[in-house]
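# What shape does this take:
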Amino acid sequence: MDPITSGRDAYSPEFLIAVERVLANEGGYSSNPDDPGGATNFGISARSHPGLDIAALTRDAAIEIYWREWWLRFGFARLPAAAAAKTFDLAVNIGAGSAIQCLQRALRACGRPVAEDGAIGPHTAAEAARADPGALIAALRSELAAHYRLVAANRGSGRIENKFLKGWLTRAYS
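A predicted model of the protein is given here:
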């Protein structure tokens, strides 16, 4: 067994705090026909994991997926803890690239010069560490809310997206 990627004791404290937030926001099993992700459990979607029995997915297995496929893969640990937790939570909901772009726009709103490339590279990480933490989270919330409003306004008739908008905005501002 690889000690870095298996077992709850091997996870970083920052990840454990962040993943608890994701699990609380995502909840358990859902198969809402209006959800483009299809069936989900703990936020893990059948669309992204076609060979996985989503209904039988355990909480521990979901945490392992989030560790490997999200936290490590996209480099959330490079960010200050609060920004990492918020960006990670939103990445699960809107995709990593979009969430990281929101973070980068929030950094620019805080006067930090970063490119909007959707990746947590050394420059984005350094600027996030230099930003005022409170201002960064406030700006990130604003960028995420704007993202959700645009999604609701631009997709089809907006009926399905507007059905989810209140929950999305609650998540953005939390």
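# element containing E127?
helix 122-130 (DSSP states H and E).
# which other helices and strands contact the following helix or strand past that helix?
On the C-terminal side of helix 122-130, the closest following helix or strand by DSSP H and E is helix 133-154. Packing partners of helix 133-154 (3 or more CB pairs under 8 Å, 6 or more residues apart in numbering; DSSP states H and E): helix 81-94, helix 96-109, helix 159-173. C-beta here means a position set from N, CA and C on the backbone, and glycine is covered the same way.
# Could you pull up the mean pLDDT of helix 133-154?
For helix 133-154, mean pLDDT rounds to 91.
# between that helix and helix 122-130, what angle do the directions make?
120 degrees (axes from the mean of the first three to the mean of the last three CA atoms, to 10 degrees).
# For the protein, give me the ranges with low pLDDT.
1-9, 34-37, 155-162 (pLDDT under 70).
# Work out which residue lies at the spatial centre of it.
The centre of the chain sits closest to A91, judged by CA atoms, centre = their mean, with a distance of 2.3 Å.
# So that one versus C110, what's the distance?
Applying CB to CB, to the nearest Å, the value for A91 to C110 is 20 Å.
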